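Visitor: no sequence for this one, just the structure:
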DNA sequence: AACCGGCTCAACCGCACAGTT
DNA sequence: TAACTGTGCGGTTGAGCCGGT
């Protein structure tokens, strides 16, 4: 059995939004808050699909949007985060206040990609074009680090997140390594801070756990980092490998 | 002024996934 | 457990803008 459509296709407006539609949507969300997108169009008197309303609000009408050109700092941060996360635009957007995933995705495709290609860097792998390691995600092969620094994550900014670091350090985990780690590689900065997308931060949202692990090997300097994030009912686990300073996204936990 | 091609970005689409029944 | 619902994500599209000819 096929999936039912997200909304009634007939009598539904498509394309550019009018000022009146924007005003209706804003007024409804001010009065009732975000959420309930499926029923929102009818309640707000809009002939729009719920998904379309959500997108319009998140990408254009939200009052906390920054708009305007990206700064040099934002440029660099996007490139660094993309090297860590790949095309996870919503996660990247979560670290750029006032920016949306759609905006960053567009900016990446129209500006940064071209800029990187003109510098001879593969925008997908963040490695020089023609690099024999391009497309290779095997952490057992030692690769040179990219020519820019991997961003150091900030320390936990809330007591709650700090608690999770503390909690998970002492808790055994499927990917918890044996033995101590910081002592072996004191220069490795693996403090992780997960910033939640501002548009999806209801009260219940929180970092459900951050598992900080380092599987240190004196010869390969490889380490593993696992993250589990839960916000707004959305839970995601990620697993990164680092090899001699090179974070390569290697797959889901 | 008209045409054309490239670029931008708002919006759409299909899908995945967690939650609910 | 399966079916269904609601939401969010990433890829893609296309209307509109702009500069060049």
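Guide: Right, received. Where do you want to start? Since the structure is predicted, the reported quantities are computational estimates derived from the model, not experimental observations.
Visitor: Any stretches of the stretch 101-250 of chain A with poor pLDDT?
Guide: A:130-250 (pLDDT under 70).
Visitor: for stretch A:32-46, how far is the first residue from the last?
Guide: End-to-end distance for stretch A:32-46, by C-alpha to C-alpha, to the nearest Å: 15 Å.
Visitor: I meant stretch A:92-100, not that one.
Guide: First residue to last in stretch A:92-100 (C-alpha to C-alpha) measures 9 Å.
Visitor: Next one: residue A:105 from residue A:93, what distance?
Guide: 9 Å (C-beta to C-beta, to the nearest Å). For glycine as for every other residue, the C-beta is placed from the backbone atoms N, C-alpha and C.
Visitor: Just want to know which of the two has more residues nearby.
Guide: The neighbour count for residue A:105 versus residue A:93, taken as other C-beta atoms under 10 Å, is higher for residue A:93 (24 against 15).
Visitor: Can you get me a residue count around the closest residue to that one other than its chain neighbours?
Guide: Nearest non-adjacent residue to residue A:93, counting by C-beta to C-beta, 6 or more residues apart in numbering: residue A:101, 4.2 Å away. Residue A:101 has 20 neighbours, counted by other C-beta under 10 Å.
Visitor: which of the residues in stretch A:80-90 are buried?
Guide: A:80, A:81, A:82, A:83, A:84, A:85, A:88, A:89, A:90 (16 or more other C-beta atoms under 10 Å).
Visitor: Do that stretch and DNA strand C come into contact?
Guide: Yes. With C-beta under 7 Å from any atom of the strand as the measure, stretch A:80-90 is seen reaching DNA strand C through A:87, A:88, A:89, A:90.
Visitor: Now look at that stretch and say if it contacts DNA strand B.
Guide: No. Using C-beta under 7 Å from any atom of the strand, stretch A:80-90 never reaches DNA strand B; the gap is at least 10.1 Å.
Visitor: Ends of that stretch, what's the gap?
Guide: First residue to last in stretch A:80-90 (C-alpha to C-alpha) measures 15 Å.
Visitor: quick one: average confidence on that stretch?
Guide: With pLDDT averaged residue by residue, stretch A:80-90 scores 88.
Visitor: for DNA strand B, what are the nearby residues on chain A?
Guide: Selection of chain A residues close to DNA strand B by C-beta under 7 Å from any atom of the strand yields A:6, A:13-17, A:48-49, A:51-52, A:55-56, A:59-60, A:102-103, A:105-107, A:109-111, A:233-235.
Visitor: Spell out the secondary structure type for residue A:69.
Guide: Following DSSP: H, G, I helix; E, B strand; the rest coil, we place residue A:69 in the coil state.
Visitor: That one: neighbour count?
Guide: Around residue A:69 there are 9 residues (other C-beta under 10 Å).
Visitor: With residue A:15 instead?
Guide: By the criterion of other C-beta under 10 Å, residue A:15 has 6 neighbours.
Visitor: before we move on, the earlier item: isn't the residue nearest to residue A:93 right up against residue A:92?
Guide: Yes. The pair residue A:101 / residue A:92 is scored as a contact, 7.2 Å apart, by C-beta atoms under 8 Å.
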